[in-house]
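Student: Any chance you can model this:
(chains A, B, C and D)
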There are 4 protein chains.
Amino acid sequence: MRKYLSVIICLMAMGASAQENHKPEDTEYLTPVPNVVTPGKGTAAPSDAVVLFDGTDLKNWETKDGKPAAWAMADKAVTVSKGDIQTKQKFTNFQLHIEWRTPAEVKGESQQRGNSGIFLQDRYELQVLDNYNNKTYTNGQAGSIYKQSRPLVNACLPPGEWQIYDVIYTAPVFGKNGDLIVKARVTVLQNGVLVQNGTEIRGTTEYIGQPKVEAHGAAPIRLQDHGNPVSYRNIWIREL
Amino acid sequence: MRKYLSVIICLMAMGASAQENHKPEDTEYLTPVPNVVTPGKGTAAPSDAVVLFDGTDLKNWETKDGKPAAWAMADKAVTVSKGDIQTKQKFTNFQLHIEWRTPAEVKGESQQRGNSGIFLQDRYELQVLDNYNNKTYTNGQAGSIYKQSRPLVNACLPPGEWQIYDVIYTAPVFGKNGDLIVKARVTVLQNGVLVQNGTEIRGTTEYIGQPKVEAHGAAPIRLQDHGNPVSYRNIWIREL
Amino acid sequence: MRKYLSVIICLMAMGASAQENHKPEDTEYLTPVPNVVTPGKGTAAPSDAVVLFDGTDLKNWETKDGKPAAWAMADKAVTVSKGDIQTKQKFTNFQLHIEWRTPAEVKGESQQRGNSGIFLQDRYELQVLDNYNNKTYTNGQAGSIYKQSRPLVNACLPPGEWQIYDVIYTAPVFGKNGDLIVKARVTVLQNGVLVQNGTEIRGTTEYIGQPKVEAHGAAPIRLQDHGNPVSYRNIWIREL
Amino acid sequence: MRKYLSVIICLMAMGASAQENHKPEDTEYLTPVPNVVTPGKGTAAPSDAVVLFDGTDLKNWETKDGKPAAWAMADKAVTVSKGDIQTKQKFTNFQLHIEWRTPAEVKGESQQRGNSGIFLQDRYELQVLDNYNNKTYTNGQAGSIYKQSRPLVNACLPPGEWQIYDVIYTAPVFGKNGDLIVKARVTVLQNGVLVQNGTEIRGTTEYIGQPKVEAHGAAPIRLQDHGNPVSYRNIWIREL
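Tutor: Next up, the predicted model:
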């Protein structure tokens, strides 16, 4: 039946000009077929993710000097101890899931309370901070690209609760002179709420002065030791 | 004490050239302060969301003709019945959360199995389909912008299971002649897996022929009746 | 003959899968037909441009207070006199052509030499400066988005020579809270050399402090009086 | 005097909160200093350009098989002869200037009149066509990204006249699976009129069927032999 209908459509089409003859199939792509990925339950890692930390060990992590990562582990979480740690594997474009918790006992204020950070490609800091009823400068808030782009909203949970960052990141492209030809872009959901929407990253995160442009390739994810016992868990990444 | 330090820094600075004198505060923004939003637990709506459907009623929905939406409700879900339904409220830029389920009993194949769709701004279809072990054209898969952009991966759950779309959408900008000056952009996570990454939308979703460009303003979210009993639940939206 | 061929193709197509049957016409668009524009000779205005200044008068310009623009005119050029002037017409998305000349007699250095500026939508300054053998901060150079984005290269001509900016600009999009949902973008060619490539504009040009975000609609082109006798000529704009 | 002013400003600043203390210098970048480029006169090559063809010889060009390019030269121009020719050098991100002329004597219609093309990175065709009073499908017009994106306007000059394309191109970025993570973008001015504005390129130019995605690195500029004696001259490129 469908074939006859097609014949009729075809015959009708022949008397008309090009675009009017279009069939539904004309705009159907058959290849390449997207890979099948099994989603995780809730916030669990999808089947194609690299699990960076599942609570068992820190074998995928090291210090900046290439020594074994030695942050304290307990209850499937790892807590900032002494010095930054970073992934052994290097990444370019990715989707990252990471959960973090600031101490239930509140100490300090502004940037001194539950401060840590997630450095994308080792250079661009997605701020981690106990920012619940804690005033600080807006581009230093949790969910900010530190010193560059404040979060769209403050979507923080109270101290002591686990919070989630879902991050979509595309790396910068550098030109022949090391110029930033295409800026890195980052989208961040904090606890399911959009806080960065395809934000362009202007350069490296600098505490003092302006972002710097330095050409680089694939690079690790780095977790910052800012002196506060912030914890992390359930870290996975999907290379794009 | 801090004041005297500042005096010293100031005095030192005056003899030197500009950029070397930077203080951390120079790159701190104080305003505007981002609004505080209380995230929902799990997939629940954040405090600033418009809850479009929470399982209670369809008071926020209507038919294309402005009549009451009359899809069947049961177990906090609503199921495609007769004709499309759309939100009474119109939206421009937004974050949308929506959950959907195709029938547990599999019938039909390709586009005939568990087919529905979510029309962003009434024109741009994010495809809903039982695409689990179901071959179809790639730009007609679940997670595609129908007939325009296939999903990065196939992140479908089996039929009968609830699936999630988290959508970030910015509207197109039209020029004086109705030209598409800035294309709409959409990012979609399906069950937590990235399937569209800031994808530009070329124009309206067309079953036959190419996307069309038509200037428009704020517009509803529309759910498609494609003849299959697909269900929806837990629909909320945050205007950006 | 072509009809029979089509019949055959149609019949063949029905037994086969979709994509292999594509014909060239399937991907041809017939509408909408782009408007015809007659290009100008050399740097003259195209037929669809609004000519803002052709050397005759300043009838399309006014002061910030709405008074007649009173800059000095000579030799088809206008020279900065007293106070900024701006277009009476407001613009959103546009292509702008503008020519400028800094004084042949060099006075001052850094930002004190041949300084003026072109404010896009009254807020975002494309810097004009005698930057030929004149050191200044990089994001204050000619071709910079002042205080935000340095030019890719220094493409300046010597003082006293006419220089050209060709500017492509799309306006920012603001969200319901006045957030910057889509940033303005600007591409600039200086004397035919690319100096800004789709650069995102972070907010208003501020001499002191960081760019500010303020929601706005269509707005004038404004030329800055920075106290130096910079001249302008041949200014035209095409609304996009 | 300026020093004392700074002292006063500093002292005043100390009583206030951080952002109010900002000095103009805080937002001045000193490095890196943009390279100096000497613009060309009119449409001549800037000092940092690679001159691909200046009318003298075709030493920078070859056939697809790596044989010497053998198109006919006369009057500082080269005319399509037999087979495509492409640059020996490969390019990634660039600004390209190229001039072209369709035959003064009009023959054929639609795509049969003065047809050639400029393949960016050997894959993405910027259409060249005698499109002056010559109707054809919109995404096959001069200034189109062939079969993908029609020009914003038809800015063609009459047959027999030299026309100019100024092209700004950033290359696509491919992910680990060969996915198109960041699309190529192209801006084109035809005879000084904007015809493509940061247009995303969806994939390879295909005469039949949809664009294909194929991962690639640096690649040549290729000029198409479409059987019509189209001429080219004054071709230069600046790597970004």
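
Student: contacts, neighbours, all on C-alpha from now
Tutor: Fine.

Student: any weak-confidence spans in chain A?
Tutor: For chain A, applying pLDDT under 70 flags the ranges A:1-21.

Student: Which residues does the residue nearest in space to the middle of it form beta bridges with?
Tutor: The centroid of chain A falls nearest to A:Val167 when counting by C-alpha atoms, centre = their mean (2.3 Å). For A:Val167, the beta-bridge partners under DSSP bridges are A:Leu96, A:Val188.

Student: What separation do you get for the residue in chain A that chain C sits nearest to and C:Gly175?
Tutor: Residue of chain A nearest chain C, by C-alpha to the nearest C-alpha: A:Glu25 (5.3 Å). Per C-alpha to C-alpha, to the nearest Å, A:Glu25 is found 38 Å from C:Gly175.

Student: Please say which of these two ends up with more neighbours.
Tutor: Higher neighbour count among A:Glu25 and C:Gly175: A:Glu25, with 19 against 16, using other C-alpha atoms under 10 Å in any protein chain shown.

Student: Give the helix, strand or coil label for that one.
Tutor: Assigned by DSSP: H, G, I helix; E, B strand; the rest coil, the conformation of A:Glu25 is helix.

Student: doesn't A:Ser116 make contact with A:Leu126?
Tutor: No - the criterion here is C-alpha atoms under 8 Å, and A:Leu126 misses it with A:Ser116 at 9.1 Å.

Student: returning to that earlier point: surely the residue nearest to the centre of chain A meets A:Ile118?
Tutor: No - A:Val167 lies out of contact with A:Ile118 (C-alpha under 8 Å); the separation is 10.6 Å.

Student: Can you tell me what sits against stretch A:197-204?
Tutor: Stretch A:197-204 is touched from outside by A:123-124, A:145, A:148-149, A:183-188, A:211-214, B:168, B:198, C:181, with contacts defined as C-alpha atoms under 8 Å, 6 or more residues apart in numbering or on different chains.

Student: Can you tell me which of those are buried?
Tutor: A:123-124, A:145, A:148-149, A:183-188, A:211, A:213, B:168, B:198, C:181 (16 or more other C-alpha atoms under 10 Å in any protein chain shown).

Student: Greatest separation within those residues: which pair is it?
Tutor: Maximum pairwise distance among the buried ones among the contacts of stretch A:197-204 (C-alpha to C-alpha): 28.8 Å, between A:Val213 and B:Ile168.

Student: which residue ranges form the helices in chain A?
Tutor: Along chain A, counting by DSSP state H, helices occupy A:2-13.

Student: what does chain A have sitting close to chain D?
Tutor: Within chain A, the positions adjacent to chain D are A:26-27, A:29, A:93, A:170, A:175-177, A:179, A:181-182, A:209-210, A:239-240 by C-alpha under 8 Å from any C-alpha of the partner chain.

Student: go again using 6 Å as the cut-off
Tutor: A:175, A:240 (C-alpha under 6 Å from any C-alpha of the partner chain).

Student: Contact residues of chain A facing chain B?
Tutor: Taking C-alpha under 6 Å from any C-alpha as the contact definition, chain A meets chain B at A:22-24, A:28-30, A:34-39, A:137-139, A:152-155, A:207-209.

Student: wait, A:Pro34 sits on B:Cys156?
Tutor: No - the pair formed by A:Pro34 and B:Cys156 falls short of the contact definition of C-alpha atoms under 6 Å, at 11.5 Å.

Student: who's more crowded, the two?
Tutor: B:Cys156 (25 against 18).

Student: Next, work out how far apart A:Met73 and A:Ser81 are.
Tutor: From A:Met73 to A:Ser81 the distance is 10 Å (C-alpha to C-alpha).

Student: wait, A:Asn131
Tutor: 21 Å.

Student: residues contacting the residue nearest to A:Trp100 when sequence neighbours are not counted?
Tutor: Nearest residue to A:Trp100 in three dimensions, chain neighbours excluded: A:Tyr232, at 4.4 Å (C-alpha to C-alpha, 6 or more residues apart in numbering or on different chains). Listed by C-alpha atoms under 6 Å, 6 or more residues apart in numbering or on different chains, the contact set of A:Tyr232 reads A:77-78, A:99-100.

Student: now do A:Ile85
Tutor: Neighbouring residues of A:Ile85 by C-alpha under 6 Å, 6+ apart: A:62-63, A:222-223.

Student: So which of these sit within strands?
Tutor: A:62, A:222-223 (DSSP state E).

Student: Tell me the one of those nearest D:Gln86?
Tutor: The closest of the ones in strands among the contacts of A:Ile85, once distances to D:Gln86 are taken by C-alpha to C-alpha, is A:Arg222, at 43.9 Å.

Student: neighbours around that closest one, how many?
Tutor: Count around A:Arg222 with other C-alpha under 10 Å applied: 24.

Student: Look up the residues forming beta bridges with the nearest residue to it once chain neighbours are set aside.
Tutor: With sequence-adjacent residues excluded and distances taken as C-alpha to C-alpha, 6+ apart, A:Arg222 is closest to A:Gln86, at 4.0 Å. Counting by DSSP bridges, A:Gln86 forms beta bridges with A:Glu62, A:Arg222.

Student: A:Gln86 against A:Ala219, yeah?
Tutor: No - at 9.5 Å, A:Gln86 does not count as touching A:Ala219 under the criterion of C-alpha under 6 Å.

Student: Quick check on the two: which one has the bigger neighbour count.
Tutor: Legend: neighbour count by other C-alpha under 10 Å for A:Gln86 and A:Ala219, higher for A:Gln86 (25 against 19).

Student: for that one, what are its contacts?
Tutor: Shown in contact with A:Gln86 (C-alpha under 6 Å, 6+ apart): A:61-62, A:220-222.

Student: mind checking how far A:Tyr124 is from chain D?
Tutor: Separation of A:Tyr124 from chain D (C-alpha to the nearest C-alpha, to the nearest Å): 19 Å.

Student: quick one: that residue from A:Gln148, how far?
Tutor: From A:Tyr124 to A:Gln148 the distance is 10 Å (C-alpha to C-alpha).

Student: Can you turn the buried part of the residues of chain A next to chain B into a PyMOL selection?
Tutor: The PyMOL selection below is limited to those of these classed as buried (16+ other C-alpha under 10 Å):
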select buried, chain A and resi 22+23+28+29+30+34+37+38+39+137+138+139+152+153+154+155+207+208+209
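
Student: in stretch A:72-81, what's buried?
Tutor: By neighbour count with 16+ other C-alpha under 10 Å, stretch A:72-81 contains the buried residues A:73, A:77-81.

Student: hmm, back to that, show me what contacts the residue nearest to the centre of chain A?
Tutor: If you count contacts by C-alpha under 6 Å, 6+ apart, A:Val167 has them with A:95-96, A:187-188.

Student: Out of those residues, which is nearest to A:Glu161?
Tutor: For the contacts of A:Val167, the nearest to A:Glu161 is A:Val188 (18.8 Å; C-alpha to C-alpha).

Student: Contact partners for the closest one?
Tutor: Contacts of A:Val188 by C-alpha under 6 Å, 6+ apart are A:166-167, A:195-196.

Student: Select from these the one having the most neighbours.
Tutor: Busiest of the contacts of A:Val188 [other C-alpha under 10 Å] is A:Val195, holding 25 neighbours.

Student: so it makes contact with A:Pro151?
Tutor: Yes - at 4.7 Å, A:Val195 counts as touching A:Pro151 under the criterion of C-alpha under 6 Å.

Student: can you tell me how far A:Arg238 sits from B:Pro151?
Tutor: 15 Å.

Student: Could you check which of those two is surrounded by more residues?
Tutor: A count of neighbours by other C-alpha under 10 Å puts B:Pro151 above the other of A:Arg238 and B:Pro151, at 28 against 20.

Student: can you pull the contacts of the more buried one?
Tutor: By C-alpha under 6 Å, 6+ apart, the residues touching B:Pro151 are B:143-144, B:195-196.
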